[in-house]
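Enquirer: What follows is a predicted structure for the sequence shown.
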Amino acid sequence: MVQTGGGERSIDIGDKWRVSFQGNGSKFATGDGDGTVKIWDTETGKELRTSKGHSSPICSLAFSPDGCKIAAGSTDGTIRVWDTETGQDLFGAMEGHTESVSGLAFSPDGIRLASGSHDYTIRLWDEAGKAKVLEGHTSVVTSVTFSKDYIVSGSWDDTIRVWDAGSGALLRVLQGHTGSVYCVAFSPDFKLVASGSYDHTARLWDVSSGEVLAIYDVGEWVFSIAFSLDGKQVVTGSVGGKVHIWNADVLL
C-alpha cells in the first residue's frame, strides 16, 4: 500500500520490495521480488509501464532528476536503466558488483549513476554504462546520494564517506554514528547531508567540512531519510513504522 497526499489517498500495489517517487511526485516506481519494475501514476493509481529484465528481486530504485530514466539494482548484483516513456533498456545488464545493489543515485544532470553494494564498493557509471570503482568502506554500502561536486555513501561500517564526484577520490570520512548507517540524503542546495542509523539517531552534516550540525534522537532504528523541498525539515522513517519531522534550519 502506498499513501500519497499526506495520507489522503491510498494505492494498493501489493507486496513490493522497493518504492521510489519521481522528483515532481506525479509518478512512482515499484520493484518486485521477481525482478519486475513498474511505473505508476500517483494521482490515478494506474499502472503505466512494466519493465522486465532482472531475474532476481529488486533491492534499489532511483529516478533521474528529470524523470526520464529509472534505474533498478538487483540482488544478483546487476543494474538496469530504462527510459520511462518508451520502456527501452538503455544499457542492458550493467555488471560489475558481486553482491546485491543496495543503493542508487543519479547525478543532478542525470548523466551519471552511483551504485552502492553489499560487496563493500561504490561504482560510478558514465553515460556509456561503464563504471569506475570507489573502494574504502569495510562493510556493506547501504545508501548513496549525488551532488554536482560530491558522492556521499553510508555503510554498515558506521561511517559516511564523501567522494569527489569527478575523480572518485575519497575526500573525507564522517564519523560519529555508533551503529550501521542505513540512509543518506542531500539537502536541495547540496550543502547538507542527513544520515540515519541503527544507533537510533539521525544526524545533519556540513558536507564540505564534515562537521556535525545536529543530532536527532529518533529512538528507533532509522531506515529512511529525506529533506523537505525547501530544505528546512528532515523527515525520518524508522523500523517501528513511525515518521518524524525535524528542524533542519540550523544555518539560518
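Expert: Nice, thanks for sending it over.

Enquirer: ok, now which ones touch residue 116?
Expert: Taking CB atoms under 8 Å, 6 or more residues apart in numbering, we find residue 116 in contact with 101, 102, 103, 104, 122, 141, 142, 143, 144, 153, 155. (Glycine included, C-beta is placed from N, CA and C.)

Enquirer: Run through the bridge partners of the nearest residue to residue 146 once chain neighbours are set aside.
Expert: Closest residue to residue 146 apart from its sequence neighbours, by CB to CB, 6 or more residues apart in numbering: residue 105 at 4.2 Å. Residue 105 has these beta-bridge partners by DSSP bridges: residue 114.

Enquirer: Number of residues surrounding residue 105?
Expert: Per other CB atoms under 10 Å, the neighbour tally for residue 105 reads 26.

Enquirer: can you pull the pLDDT of it?
Expert: Per-residue confidence at residue 105 stands at 97 (pLDDT).

Enquirer: ok, back up a step: quick check, nearest of the contacts of residue 116 to residue 195?
Expert: In terms of CB to CB, no member of the contacts of residue 116 lies closer to residue 195 than residue 143, at 8.4 Å.

Enquirer: what does the helix or strand where the closest one lies contact?
Expert: Assigned by DSSP states H and E, residue 143 belongs to strand 141-146. Contact with strand 141-146 is made by 102-108, 112, 114-118, 120-122, 151-156, 165, 180-186, 193, as judged by CB under 8 Å, 6+ apart.

Enquirer: Which strand or helix spans residue 244?
Expert: strand 243-247.

Enquirer: just checking, what packs against that strand?
Expert: strand 212-217, strand 233-238 (3 or more CB pairs under 8 Å, 6 or more residues apart in numbering; DSSP states H and E).

Enquirer: Buried residues, it. List them.
Expert: By neighbour count on 16 or more other CB atoms under 10 Å, the buried set for strand 243-247 is 244, 246.

Enquirer: pLDDT averaged over it - what is it?
Expert: Rounded mean pLDDT across strand 243-247 is 93.

Enquirer: before we move on, the earlier item: out of the contacts of residue 116, which is most surrounded?
Expert: Counting by other CB under 10 Å, top hit in these: residue 141 with 30 neighbours.

Enquirer: which non-adjacent residue is nearest that one?
Expert: residue 116 is the one closest to residue 141 (CB to CB, 6+ apart), at 3.3 Å.

Enquirer: Apart from its neighbours in sequence, what residue is nearest residue 52?
Expert: Nearest to residue 52 is residue 36, by CB to CB, 6+ apart, at 5.5 Å.

Enquirer: distance of that neighbour from residue 102?
Expert: 19 Å (CB to CB, to the nearest Å).

Enquirer: Give me the angle between the helix or strand that comes right after the strand holding residue 143 and strand 141-146.
Expert: The first helix or strand that comes after strand 141-146 along the chain, using DSSP H and E, is strand 150-155. Here the directions of strand 150-155 and strand 141-146 differ by 160 degrees (axes from the mean of the first three to the mean of the last three CA atoms, to 10 degrees).

Enquirer: Can I get strand 150-155 as PDB, trimmed to CA atoms?
Expert: The C-alpha trace of strand 150-155 is given here as PDB (Å, rounded to 0.1, in the frame of the first residue of the first chain):
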ATOM      1  CA  TYR A 150      30.200  15.000  -4.200                       C
ATOM      2  CA  ILE A 151      29.100  11.500  -3.900                       C
ATOM      3  CA  VAL A 152      28.200  10.600  -0.300                       C
ATOM      4  CA  SER A 153      27.800   7.000   0.900                       C
ATOM      5  CA  GLY A 154      26.600   5.300   4.100                       C
ATOM      6  CA  SER A 155      27.700   1.900   5.300                       C
END
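
Enquirer: other SSEs contacting that strand?
Expert: So strand 150-155, by 3+ CB pairs under 8 Å, 6+ apart, packs with strand 101-106, strand 113-117, strand 122-125, strand 141-146, strand 160-164, strand 181-186.
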